[in-house]
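Novice: sequence and predicted model, in that order:
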Amino acid sequence: MAQAIETSVALATYNGEKFLRPLLESLGAQSILPDEVVISDDCSTDGTVDIVREFASRAPFTVLLINNQARLGYRDNFIKAASSCSSEVILFCDQDDIWHPEKIERLRDGFTGAGVLLCYHKAFLIDENGSKVGKFTCAKLRNPWQTPAGFLTAFRKDLLIHEELRQLSIDFNKPSARYAHDQWVALLARELGEVVFIDRDLAGYRQHATNIYGAEQARLPLLKRLRKRLKNRSEAFVILASVCRSNATVFSSLAERLNKADVWKARALKGQQAYKELAELYDLRAKAYKDIRFLNRLRALLRLLQIGTYRDRGRWSFGSRGLVRDVVLGVLLGRVISRLTTSTSFGDANCQRIA
């Protein structure tokens, strides 16, 4: 009989007293309890630490409390909590959610083979009173710019062995920052192993005024949707090209640290090449939008067509919708739009990983 996989919960807290108790009680009510809960508190000034200590005194598992001496911010605080965990599988945990009683059990069951590096699940929205109010939109990992939110994921601790390489990364949502905890483990898991999706709602994501990131809001009015469609994409493609190059650097640096017998080495080299190629594609897309000369914009588009970027022929695809956008909003109208609008969103919903 195979030995059961041990699990740790990595919880990052900061001034979370309002919703922390229900979250902790939901951890204690799991059908399979975690082997430990590691809580890294980022210099809270409210009653958060007292709540943690009271829960730890009666919890049916080990609770390790880390009190940071200086603020780290949520990105590094989550990494610190996870890096302090001792179990093979780690579950990220937000301080204000509520876990379904079978969350740990279902996620643990997803790690059926050594190649599975990350599991994630669906969720629902809850309000400040804990009442269910809707569905939480779950990202698809085929798109490199979509990452399952941290509270949805469980991952193997091995993904943190080379965490210092995260310093080389660029967050595509905030280019001045490095990848957040969930972006980092998702990036590595996609390239180095298998990712498993659990098609069940296993947590309630609480919506309230102090969320760092809220769930997707209701459908925008027609005028705002139109303005969003017409936003300047050339800046976004320049940023995404830079992000891809930083991803390629991460994987090349990782490959240098691994020996030839390590299966991760070949996959890291493949990831390096994949993101190098994607960076070149975004360079062409940026040119199709921002080059002053119409013929140069047209040549960039024709080169993308020749490569097969819009037809699922290569490693990456921007799809038919991407083609329409690049023709109309890029080659034909790109210079006009770039003078009238700016871009504050750097994702690309049309980009899909094919191979």
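Specialist: Good, I have the coordinates. For clarity, every value in this text was computed on a predicted model and none was experimentally measured. Numbering: from 1, shown residues only.

Novice: going forward, measure contacts between C-alpha atoms and count neighbours the same way
Specialist: Noted.

Novice: look up how far Gly47 lies from Glu17.
Specialist: As defined by C-alpha to C-alpha, to the nearest Å, Glu17 lies at a distance of 6 Å from Gly47.

Novice: equivalent analysis for Trp99, please.
Specialist: Trp99 is 22 Å from Gly47, where distance means C-alpha to C-alpha.

Novice: Pro34 too?
Specialist: Taken as C-alpha to C-alpha, the span from Pro34 to Gly47 is 24 Å.

Novice: and what of Leu192?
Specialist: In terms of C-alpha to C-alpha, Leu192 sits 41 Å off from Gly47.

Novice: do the same with Leu295
Specialist: Distance of Leu295 to Gly47, computed by C-alpha to C-alpha: 63 Å.

Novice: can you check Val196 too?
Specialist: Relative to Gly47, and taking C-alpha to C-alpha, Val196 is found at 37 Å.

Novice: so for the two, which sits in the more crowded spot?
Specialist: For Val196 versus Gly47, the count of surrounding residues by other C-alpha atoms under 10 Å is larger for Val196: 18 against 14.

Novice: checking the more buried one next. Helix, strand or coil?
Specialist: The three-state label given to Val196 by DSSP: H, G, I helix; E, B strand; the rest coil is strand.

Novice: my guess is it meets Val116, correct?
Specialist: Yes - the criterion here is C-alpha atoms under 8 Å, and Val196 meets it with Val116 at 7.0 Å.

Novice: overlap in contacts, the two.
Specialist: Contact criterion C-alpha atoms under 8 Å, 6 or more residues apart in numbering; residues bridging Val196 and Val116 by contacting each: Gly110.

Novice: state the pLDDT value of Arg229.
Specialist: Arg229 carries a pLDDT value of 54.

Novice: revised request: answer the last question for Ala236.
Specialist: We have a pLDDT of 89 for Ala236.

Novice: can you spell out which helices and strands pack onto the helix or strand where it lies?
Specialist: Assigning secondary structure by DSSP states H and E places Ala236 in helix 234-257. On a contact count with 3 or more C-alpha pairs under 8 Å, 6 or more residues apart in numbering; DSSP states H and E, helix 234-257 meets helix 263-290.

Novice: in the helix or strand following the helix it packs on, what counts as buried?
Specialist: Next helix or strand after helix 263-290 toward the C-terminus (DSSP H and E): helix 294-307. By 16 or more other C-alpha atoms under 10 Å, the buried positions in helix 294-307 come out as 294, 296-298, 300-301, 304.

Novice: what is the nearest of those residues to Asn350?
Specialist: Closest approach to Asn350 among those (C-alpha to C-alpha): Leu304, at 14.3 Å.

Novice: does that closest one touch Asp283 like I think?
Specialist: No - using C-alpha under 8 Å, Leu304 is not in contact with Asp283, being 10.4 Å away.

Novice: what is the least confident helix or strand in this protein?
Specialist: helix 222-229 (a mean of 54; mean pLDDT, DSSP states H and E).

Novice: so where is the stretch 1-150 of the chain shaky, pLDDT-wise?
Specialist: Across the stretch 1-150 of the chain, the ranges flagged by pLDDT under 70 are 1-2, 139-140.

Novice: no no, the stretch 201-350 of the chain
Specialist: Within the stretch 201-350 of the chain, the stretches with pLDDT under 70 are 208-232, 312-314, 337-347, 349.

Novice: next one: Lys18 from Glu235, what distance?
Specialist: Separation of Lys18 from Glu235 (C-alpha to C-alpha): 40 Å.

Novice: between these two, who's got more neighbours?
Specialist: Using other C-alpha under 10 Å, the more surrounded residue of Lys18 and Glu235 is Glu235, with 18 against 13.

Novice: Ala286 is in contact with that one, correct?
Specialist: Yes - Glu235 lies in contact with Ala286 (C-alpha under 8 Å); the separation is 7.3 Å.
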